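*Asks:* Dropping the sequence and predicted coords here.
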Number of protein chains: 2
Amino acid sequence: MSASPAADPARRSRRPSGGAESLLEVAVGEFNTRGYDATSMEDLSRAAGITKSSFYHHFTGKEALLRAALERAVDGLFSALDAPAARTGTPTERLRAIVRAQVAVLTAELPYVTLLLRVRGNTETERWALERRRAFDAEVTALVKAAVDAGEVRAGVDPALAAKLLGGLINSIVEWYRPGRPGTDTLPDDVAAAAFVGIIPAR
Amino acid sequence: MSASPAADPARRSRRPSGGAESLLEVAVGEFNTRGYDATSMEDLSRAAGITKSSFYHHFTGKEALLRAALERAVDGLFSALDAPAARTGTPTERLRAIVRAQVAVLTAELPYVTLLLRVRGNTETERWALERRRAFDAEVTALVKAAVDAGEVRAGVDPALAAKLLGGLINSIVEWYRPGRPGTDTLPDDVAAAAFVGIIPAR
């Protein structure tokens, strides 16, 4: 896994098309369609059009593929926290930058983020991914609390509930977003507006 | 299926504990845990502690159980549109009433709504449920458009996107809500506030 930001659109094109990267893409598609538990290495080899032994040349097994795919999604998620705009300014400004970056990562890495959001914790890798999601949510909750404590937010907002609703709003996009959808470029700003002034704000 | 509102908390207690109702509850739990496709009538009989033939006395088969469970969720969803408060007032007032009622139904009927939200359209029953969800979303979209056209909503709000984000915000609650959670009583108002003034509204 590269450490470069997952949302970088130039990233995929730097990867070898016939190598591990394209096998990972095939595997994520199969995991999302069939479910991870129901997908066998036979299924993956057939979908990739290669032999099982060729597949094992790149990945030691199904869980290694899951790990690589989930790492890509988790790296993307945390890149939203680590961007300069997410680390400077008021808590509200930082939250706005995180929301925008998180939406951009979600649309750029849709299958990987979709897989991450479906993880239920049946394997060590899945439990690791759940733990990373919790760590991300804890950072967002702490920032919402900082915004409340700084008096930037209207009274009565519960940081834990706000962080859950914020994550839910953003993550629900995987249910309907498809690459190339009109409005993709403005989606980060549209979702940030929904989060900070409302989905249906009064005039 | 009773025609009474699905959110009525007295409803369950009126049902016979040993009959079709409790079998349905067992089945929905198994469907949500194992996935519908992976659940057999053997699994359901074992989970309910009865014989398969006793099960077939109440339901003709697995898809009949799915249908009954999804009808309960769909009835609840549409009860949110049909409540008096959802049918009178300005478009924004109606939308607020719908959001509140939809959250109340979701918390009261959590396993049934969870099942509905996981439906992918593999059977005739699942396609029926998806069609009902689309019909519900179309009514909400039309109401958001009416609110925009009436000048009640800030410029730049796209009704289709707003309806998707609104549904996503509400439906994401199934990911973390558990019955008896502190704050359940205020959740409908909290989510309505998030939808109309923002999850993290500026003071």
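*Replies:* Ah, there it is.

*Asks:* Outline the domain layout of chain A.
*Replies:* Following automatic domain parsing, chain A resolves into domains at A:14-59, A:69-197.

*Asks:* anything in the shortest one near chain B?
*Replies:* Yes. Counting by C-beta under 8 Å from any C-beta of the partner chain, chain B has neighbours in domain A:14-59: A:35, A:38. Bear in mind the C-beta positions are built from the backbone N, C-alpha and C, glycine included.

*Asks:* Next, the buried residues of the longest helix along chain A.
*Replies:* In chain A, with assignment by DSSP state H, the single longest helix is helix A:124-149. Across helix A:124-149, burial judged by 16 or more other C-beta atoms under 10 Å in any protein chain shown covers A:125-126, A:128-129, A:132-133, A:136-137, A:140-141, A:143-148.

*Asks:* for stretch A:24-35, same thing?
*Replies:* Along stretch A:24-35, these residues count as buried under the neighbour rule (16+ other C-beta under 10 Å): A:24-32.

*Asks:* same check, this time on stretch A:39-55
*Replies:* By 16+ other C-beta under 10 Å, the buried positions in stretch A:39-55 come out as A:39, A:43-45, A:47-48, A:50, A:55.

*Asks:* JSON lines for those, including secondary structure and distance to A:V174?
*Replies:* Putting these into JSON lines (DSSP: H, G, I helix; E, B strand; the rest coil; distance: C-beta to C-beta, whole Å) gives the following:
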{"residue": "A:T39", "secondary structure": "coil", "distance to A:V174": "19"}
{"residue": "A:D43", "secondary structure": "helix", "distance to A:V174": "22"}
{"residue": "A:L44", "secondary structure": "helix", "distance to A:V174": "22"}
{"residue": "A:S45", "secondary structure": "helix", "distance to A:V174": "27"}
{"residue": "A:A47", "secondary structure": "helix", "distance to A:V174": "21"}
{"residue": "A:A48", "secondary structure": "helix", "distance to A:V174": "24"}
{"residue": "A:I50", "secondary structure": "coil", "distance to A:V174": "28"}
{"residue": "A:F55", "secondary structure": "helix", "distance to A:V174": "27"}
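
*Asks:* And the longest helix of chain A, what does it pack against?
*Replies:* helix A:62-82, helix A:91-108, helix A:159-171 (3 or more C-beta pairs under 8 Å, 6 or more residues apart in numbering or on different chains; DSSP states H and E).

*Asks:* how long is stretch A:196-203 from one end to the other?
*Replies:* In stretch A:196-203, first residue to last residue: 15 Å (C-alpha to C-alpha, to the nearest Å).
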